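> Generate coordinates for the sequence data below:
(one chain, ligands or ions: 1)
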Amino acid sequence: MTEREGVIKFDLTHRAGAFPAPFNLNGLQRARRRLFEAGLVGQDPARYDGLGYGNLSERVGPGGEFVISGTQTGGKPELDASDYAWVLEADVAHNRLRSTGETKPSSESLTHALLYQLSRDVVSVVHVHCPRLWGAATRLSLPCTPASAPYGSLAMVDAVRRLWQSGALQQTPGFIMLGHQDGVVSFGADPESATEILFDWLEKI
Ligand SMILES: [Zn+2]
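Numbering: from 1, shown residues only. Here you go, the predicted model:
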């Protein structure tokens, strides 16, 4: 089975329209610019069937709601508010998501949703594609989800939950997705710190 980055695998109920409340996108936008310039988020005809890759999100308030870059926005140099979706509710165990916004949420929203549910300290989640980091998982001793867990799957959700329960993600705020070509996830207290982790790792290679 070919892995298709852009395919939304969860059961999505999306209502097109404005955000339910004002949300300051500045932090996400700054982080996203940096990721795009470094090629960690983007679109390349030679990779992943030419589909856009990479996404980032930020928690909204104390519940499980978050704002995330939209599906297939990876190739855009600059996003605007209409390129983000607001996830209102995520039922991770049943692969279900409810969202609103001018665009549908990233196909990898379930992994973001799970991290927000695991800890209130997680305020931003970043998912990039980086062959260099992906290949350096062992060298950098990074936590990994197994090759048997493709993106957007319940197997991925279980794997991330296990990493969390093992304490590995409290030590290292991110992981390599061995079942998702070049896939890397990091998280932090805001978009800037979640992004910085990836650049710190890159410097160590
Ligand atoms: Zn991905």
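> quick one, phi psi at residue 198?
In terms of degrees, to the nearest 10, the main-chain angles of residue 198 are phi -70, psi -40.
> which residues of the chain score low on pLDDT?
Where the chain drops to pLDDT under 70, the residues are 1-8.
> what about the residue positioned nearest the centre of it, is that helix, strand or coil?
Residue closest to the mean C-alpha point of the chain, counted by Cα atoms, centre = their mean, is residue 127 at 3.6 Å. Classification of residue 127 using DSSP: H, G, I helix; E, B strand; the rest coil returns strand.
> hey, where'd the helices end up in the protein?
26-37, 109-118, 131-135, 154-166, 168-171, 191-204 (DSSP state H).
> out of the ones you listed, nearest to residue 49?
helix 131-135 (16.0 Å; Cβ to Cβ). Heads up, the C-betas are built off the backbone N, CA and C, glycines and all.
> Residue 50 is in contact with residue 44, correct?
Yes: with contacts counted by Cβ atoms under 8 Å, residue 44 reaches residue 50, the gap being 7.3 Å.
> Not counting sequence-adjacent ones, nearest residue to the most far-flung residue of the chain relative to its centre?
Ranked by distance from the centre of the chain (Cα atoms, centre = their mean), the top residue is residue 139, with 22.9 Å. Closest residue to residue 139 apart from its sequence neighbours, by Cβ to Cβ, 6 or more residues apart in numbering: residue 205 at 7.0 Å.
> Quick check: the one you found touching residue 131?
No: counting by Cβ under 8 Å, residue 205 stays clear of residue 131, with 11.1 Å between them.
> Report the strands that pair with the strand ranked longest in the chain, each with its relative direction.
Longest strand in the chain, counting residues (DSSP state E): strand 84-91. Strands that pair with strand 84-91, judged by DSSP bridges, come out as strand 66-69 (antiparallel), strand 96-101 (antiparallel).
> Any idea how far the first one is from the middle of the chain?
Put simply, strand 66-69 sits 9 Å off its chain's centre (Cα atoms, centre = their mean, to the nearest Å).
> To residue 179, which of the helices of the chain lies closest?
Nearest to residue 179, of the helices of the chain and by Cβ to Cβ, is helix 154-166 at 7.0 Å.
> Buried residues of the closest one, list them for me.
Residues of helix 154-166 classed as buried by neighbour count (16 or more other Cβ atoms under 10 Å): 156, 157, 158, 159, 160, 161, 163, 164.
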